[in-house]
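J.: I'd like to go over a predicted model; first the sequence, then the structure.
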Amino acid sequence: MPCRETDCTNPDTFDACLEQQLHLCQQLEALADSLPSKLDTHAAMMLTDQLRTVLWRCHRTEEAIIFPALRMADPRTMTILERLRQEHLEDEDHASDVCDAVTAFVDDTNRKNAAELGYMLRCLFVSLRRHLAFDHDYILPLYFRTRET
Ligand SMILES: [Fe+2]
């Protein structure tokens, strides 16, 4: 179920956004593991669409709803939230490059750059998982607390 901005005021829905992103990471890892000979080109192109849609929407939702609530509850979180916002931008830039690289690889009948694409995919999902672990273990409980007060 997609995480729409209007329904992410509920911590359970924020948790669902994190789950969706973790699922994307699993799919990115499966894509990397399939290179070069077991590549499912249709699934790869579907994944690029999902990556752009889900990642961008979850980030904007987090920044528009979760971050302001945390900042209001405790202004000392500002430095952490700014770092997380920067990580969102960096991961989106990297995801955009990955989407372009996957599309180019699918279109290339020679499939020459499998190792390079695999490295890009692994760098992306490792970075995303690191960020999501912090969101889940630190940001989500903090957000729960703001909802209790
Ligand atoms: Fe985040």
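T.: Good, I have the coordinates. Numbers count the residues shown, from 1 in each chain.

J.: check the residue of the chain found nearest the ion and give its pLDDT.
T.: Nearest residue of the chain to the ion: residue 135, at 4.5 Å (CB to the ion). In this view, the C-beta of every residue, glycine as well, is placed from N, C-alpha and C. Here, the pLDDT recorded for residue 135 equals 97.

J.: following the one helix or strand residue 92 maps to, which helix or strand comes up?
T.: Here residue 92 sits within helix 78-107, counting by DSSP states H and E. Per DSSP H and E, helix 78-107 leads on to helix 114-134 as the next helix or strand towards the C-terminus.

J.: how about the closest residue to residue 122 other than its chain neighbours, what does it touch?
T.: Excluding the flanking residues, the one nearest residue 122 by CB to CB, 6 or more residues apart in numbering is residue 32, at 5.5 Å. By CB atoms under 8 Å, 6 or more residues apart in numbering, the contact list for residue 32 reads 117-118, 121-122, 125.

J.: same question for residue 102.
T.: Neighbouring residues of residue 102 by CB under 8 Å, 6+ apart: 31, 44-45, 47-48, 117.

J.: sort out for me which of these are in helices.
T.: 31, 44-45, 47-48, 117 (DSSP state H).

J.: check those residues one by one and keep those near the ion.
T.: When the ones in helices among the contacts of residue 102 are checked against the ion using CB under 5 Å from the ion, none falls in range.

J.: can you flag the buried ones in these?
T.: Listed as buried from these are 31, 44, 47-48, 117; burial here means 16 or more other CB atoms under 10 Å.

J.: quick one: which of the residues you listed is nearest residue 145?
T.: Set against residue 145, the nearest of those by CB to CB is residue 47 (34.8 Å).
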